[in-house]
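Engineer: this is the structure alone, sequence omitted:
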């Protein structure tokens, strides 16, 4: 199975939210993992923002530890650059305007990658973002987890377990 990872899924493994165990189980099942290079920008930014907001209540080395975890996980992901081919997919699929710009880039990248494999190489989008899940399904992409345990409010929560996998600026 080929997995396309968005930041809500990826950060769930790092920030320790209600989906962490499930996300790690799905992660282990992957044959290959893919994402847009955008994932690195989003996840690093969110980890640093969470630390800045909650620095007084977090261990002194929290940011460095979480950034190290990100870097270790990134090593297991094949990253796709944003280029004209991704823009062309965005241009062709007007339905990608139903979501935020960064999510549209992720979904366009997933669409491109879904065309590259054979029938045995099914690509699934791994996300906890309910809008991303809805639109991925509309575009004919598979989604994991199959049952939605999604992020309801991207901007609230704490860094230590109840926080969002994505925040409003990601």
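Structural biologist: Structure received. These figures come from a predicted structure and were not determined experimentally. Residues are numbered from 1 along each chain as shown.

Engineer: just to be sure, residue 56 is in a helix?
Structural biologist: Yes: assessed by DSSP: H, G, I helix; E, B strand; the rest coil, residue 56 belongs to a helix.

Engineer: what about the helix or strand hosting residue 68, average pLDDT?
Structural biologist: Using DSSP states H and E, residue 68 falls within helix 62-74. What helix 62-74 shows for mean pLDDT is 98.

Engineer: surely residue 123 and residue 31 touch.
Structural biologist: No: between residue 123 and residue 31 there is no contact under Cβ atoms under 8 Å: 10.2 Å. From N, CA and C alone the C-beta is placed, and that goes for glycine too.

Engineer: between these two, which one's more packed in?
Structural biologist: residue 123 (20 against 11; other Cβ atoms under 10 Å).

Engineer: so what's residue 64 up against?
Structural biologist: Neighbour list for residue 64: empty [criterion: Cβ atoms under 8 Å, 6 or more residues apart in numbering].

Engineer: show me where the chain has helices.
Structural biologist: Secondary structure of the chain (DSSP state H): helices located at 7-15, 20-28, 38-54, 62-74, 84-92, 101-114, 130-138.

Engineer: just the angle between the third one and helix 84-92, please?
Structural biologist: Note on geometry: by axes from the mean of the first three to the mean of the last three Cα atoms, to 10 degrees, helix 38-54 and helix 84-92 are set 80 degrees apart in direction.

Engineer: with the fourth one instead?
Structural biologist: Our comparison of helix 62-74 with helix 84-92, counting by the same axes, to 10 degrees, yields an angle of 90 degrees.

Engineer: how about helix 62-74: buried residues?
Structural biologist: Using 16 or more other Cβ atoms under 10 Å as the test for burial, helix 62-74 gives 62, 63, 66, 67, 70, 73, 74.

Engineer: now swap in the second one and tell me
Structural biologist: For helix 20-28, the buried set under the neighbour-count rule, 16+ other Cβ under 10 Å, comprises 20, 22, 23, 26, 27.
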